[in-house]
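Trainee: Based on what follows, work out the 3D shape:
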Amino acid sequence: MNIGFVAHDSKKKLMQNFCIAYRGILSKNELFATGTTGRLIEEATNLSVHKYLAGHLGGTQQLGAQIEHNEMDLIIFLRDPLTAKSHEPDVNNIVKICDANNIPLATNLATAELLIKSLDRGDLEWRDMYK
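Mentor: Purely as a prediction, here's the structure:
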């Protein structure tokens, strides 16, 4: 499965810790991330991550294009809801296109853990029908 990762600056350390904790599951999948997030995941886990541009430089749009083309199966977007972002429309766009394309999306740690554990159990195999 193709998993996309995005993390706002204040959530990048949390994303690294999440990926360390679930490295075994993640290693069985293709990983994609915005630039800085991808680099930090690689450094923390030694996993290979396909990296886009940094989110604010267009990486979020690159990920969005893959979602629109049904090339992503799961998105983990650890966002900071308390700090306004200059690129907030990009954030909202990811949520919108995940909803429009039936792509499971986690925007917080609790949901991310549920989705990763579901992935490991095989609960997301229905995504194969969409491809």
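Trainee: pLDDT below threshold where in the protein?
Mentor: 84-90, 130-131 (pLDDT under 70).
Trainee: can you pull out the strands in it?
Mentor: 2-7, 30-33, 49-51, 74-78, 105-106 (DSSP state E).
Trainee: Make TSV from these and add mean neighbour count and distance to Asp120 to it.
Mentor: (Glycine included, C-beta is placed from N, CA and C.) Shown next, in TSV, are these (neighbours: other CB atoms under 10 Å; distance: least, CB to CB, whole Å):
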stretch	mean neighbour count	distance to Asp120
strand 2-7	25	12
strand 30-33	22	15
strand 49-51	18	19
strand 74-78	25	11
strand 105-106	20	14
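Trainee: quick one, which of those strands is nearest to Glu113?
Mentor: strand 105-106 (8.1 Å; CB to CB).
Trainee: helices or strands up against the closest one?
Mentor: Judged by 3 or more CB pairs under 8 Å, 6 or more residues apart in numbering; DSSP states H and E, strand 105-106 is in contact with strand 74-78, helix 88-100, helix 109-121.
Trainee: from these, which stretch is densest packed?
Mentor: strand 74-78 (a mean of 25; mean count of other CB atoms under 10 Å).
Trainee: So which elements touch that strand?
Mentor: Using 3+ CB pairs under 8 Å, 6+ apart: strand 74-78 touches strand 2-7, helix 12-21, helix 88-100, strand 105-106, helix 109-121.
Trainee: In a markdown table: those, plus distance to Gln61.
Mentor: Shown next, in a markdown table, are these (distance: least, CB to CB, whole Å):
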| stretch | distance to Gln61 |
| --- | --- |
| strand 2-7 | 11 |
| helix 12-21 | 20 |
| helix 88-100 | 7 |
| strand 105-106 | 16 |
| helix 109-121 | 22 |
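Trainee: To Leu57, which of these lies closest?
Mentor: Using CB to CB, those put helix 88-100 closest to Leu57, at 10.7 Å.
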